[in-house]
Structures are given as structure tokens and as C-alpha cells.
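# just to be clear, the model below is a prediction. Sequence and coordinates:
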Amino acid sequence: MNPTIWPVKQREQQCYLSDSSIWNEFVFRDDDIIIASSPKAGTTLTQQIVAQLVFNGDENVAIADISPWLDFRLPGRQILLELYAQQQHRRIIKTHLPVDALVYSPKAKYIYVARDGRDCAWSRHNVELNLSEQFRQGLDNAEGQIAKAPPKAAADVKQYWQQWLNREGEAFLQNIKSWWSIRHLPNLLLLHFNDIKQDTPGTIRRIARFLEIPIQDAHWHDIVLHCSFDWMKQNGEKVAPMNGSLWQGGGNTFFNKGVNKRWAEVLSVQECADYEAKANHELGEACAHWLINGGWQAREE
């Protein structure tokens, strides 16, 4: 029987928003749960599902407070490290890093959630258009400033799509590829946003089995309710990152539509074909098919 080869951190990834070097100081616990994804791929929804399982459907649990983005440059490295160090419950840690830029624990549990890049970009467009000036000022003044702010998002979503492709498209695909490459590891579960949306109750049960969390029948209705898009949008101050303070309009703005394929009304057939061909070239056929379509079977090959 071949021994398991665990990922080893290969590099730092640092930009205007995040700094991977914080993982060098993070002290793991054996029961930690790390939720990873590219931005706007379903991270917050997955965090909410996990928190509802850990806390038995408690509507007062605020993932904005207990599960911040660890490698984010706000509110500050020491604040984030101390917040997680002080937690007594099972911890839920959020990251947007590829595998080779973080420290990987063989004993923790990892959940990676993916979403078609077009859907991520359409969702990010709303988020970036509505960023508050206080957010930009906070990052400009944060300790250890690494890079200048990227240009503001174009108001036109098709123009923004080209911005996103040119600025982040390659890194987005490499992020997916890095996690797909270790999908065989026993402590990693790959999820797809499409599958979560199509069958949220089934996904919740799947996550519960992976995390070895028994679901009590008395709490099932509340768990499912609190993981619905409508409930999360109405409770944005509990669920949205940093309690929604990063956006004009607060947490309600962060939760915009919660649906896929809005790009189908904007992008041409050729533009879609070009994106899909690039994904296929960078990721390989199986991974590219999963990224665009979801589906359990492709994930477990």
C-alpha cells in the first residue's frame, strides 16, 4: 500500500487583498475544518452549511464573526490569528488560496467548492461595484501593504468580464487545478455550486457524513432553512464577510441573485466557446467538464 503524499507549501501568494504568509503562523487543531474556493464560488454558503451542522441549526451563529477569511489583509494578521486561537468550538476557517500557497494539515478536514468562472465573474461584478470607500481606505492603510489597488470594476458587465479574464482568469483556473489534483486525499471533499443549489438538503447530508457530524432530526428543518438564499440575504449582517461592512448597503448587497448563467444573455457563442476551450486546455477534459457543469460522478473519478 502506497503511503499518502501530503501537499507541501511551495510559495507565497500575496496581493492587494490577501497574504498567504499568515498560514506559516497558524496553529492547527486536529478537528479544524478549512473551506476553500475562488471568490464568489459558493464559499459563504458552504461556511453557513458547516456552521449550521456544527451548531445544530442555531440561527444566532454568525459566520461573519466566527469564520473570517484567514488570509485576508483586514482586520489584521494578529487579530485574525488571535480570534481563531481563542475559539473553543470546532473551528471553520476560510481561504481563497490554491493548495501550493497554504499549509495543509493531514488531520484537518478540507472542503473545496468550485463554480464556473463566468458565474463567479458575474457575481463578483456586483460585489466590486458596491465596495465601500471605507473598505478601499482600510486596505490602503493596512499593515504590510503589498500591492496597489486594482482598477475599479467597469460598470458594464461585459467589459468587466474581459477585465476579470485578463486580471484573474489564469489564477482562477490554476486555483481549481491545484485542488482537483489532490481530490484523492481522504480529508478533502470537492463540492460544486451547481450541486449545492440543485440539492441543498442532499449536499448538507453529504457534508455532515464527511465531517462525521450526526444530524439530529429535531434540528434538520432549521439547518435547511438557515442555509437558504432568502434567509441568508435577510440576515446578511450575520453571514456576509465582516458583517457586510465592506459594501454599500451592507450584507444585503453581498447576496445579490444567487443564480447561475446570467452571462448567457450577454456573452456571444464564440466568447463562451473560447472560455470553455481555455478551461479545457488548462485543466484537462474531466476537470473542465466538472468546473462548468458540476456533478458528483466527475468529482470522484
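Nice, I can see it.

# outside of stretch 241-248, which residues touch it?
44, 62, 64-65, 68-69, 72, 74-75, 127, 130-132, 134-135, 236-237, 240, 250-254 (C-beta atoms under 8 Å, 6 or more residues apart in numbering). Bear in mind the C-beta positions are built from the backbone N, C-alpha and C, glycine included.

# buried sites along it?
By 16 or more other C-beta atoms under 10 Å, the buried positions in stretch 241-248 come out as 241-247.

# can you redo those as TSV with pLDDT and secondary structure?
Formatted as TSV, these follow (pLDDT from 0 to 100; DSSP: H, G, I helix; E, B strand; the rest coil):
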residue	pLDDT	secondary structure
241	81	helix
242	78	helix
243	77	helix
244	71	helix
245	75	coil
246	76	coil
247	72	strand
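
# ok, residue 229 to residue 193 distance?
As judged by C-beta to C-beta, to the nearest Å, residue 229 and residue 193 stand 12 Å apart.

# ditto for residue 292
11 Å.

# ok, now residue 109?
Residue 109 is 19 Å from residue 193, by C-beta to C-beta.

# one more: residue 216?
27 Å.

# who's more crowded, these two?
For residue 216 and residue 193, the more surrounded residue by other C-beta atoms under 10 Å is residue 193, and the numbers stand at 24 against 10.

# surely that one meets residue 118?
No - using C-beta atoms under 8 Å, residue 193 is not in contact with residue 118, being 11.8 Å away.

# before we move on, back to that, just the buried residues out of the contacts of stretch 241-248, in ChimeraX syntax.
ChimeraX command restricting the contacts of stretch 241-248 to the buried ones, with burial defined by 16+ other C-beta under 10 Å:
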select :44,62,64,68,69,72,74,127,130,131,132,135,236,237,240,250,251,253,254
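
# residue 24 and residue 81 touch, don't they?
No - at 10.8 Å, residue 24 does not count as touching residue 81 under the criterion of C-beta under 8 Å.

# which one of the two is surrounded by more residues?
It is residue 81, of residue 24 and residue 81, that has more neighbours when counted by other C-beta under 10 Å, with 15 against 10.

# sec struct for the more buried one, please.
Put simply, residue 81 is helix when judged by DSSP: H, G, I helix; E, B strand; the rest coil.

# picking that back up, among the buried residues of stretch 241-248, give me the pair with the biggest separation.
Farthest apart among those by C-beta to C-beta are 243 and 247. That separation is 10.4 Å.

# re the thing from before, spit out the residues that contact residue 292 and residue 193 alike.
residue 116.

# so what's residue 250 scoring on pLDDT?
What the model reports as pLDDT for residue 250 is 67.
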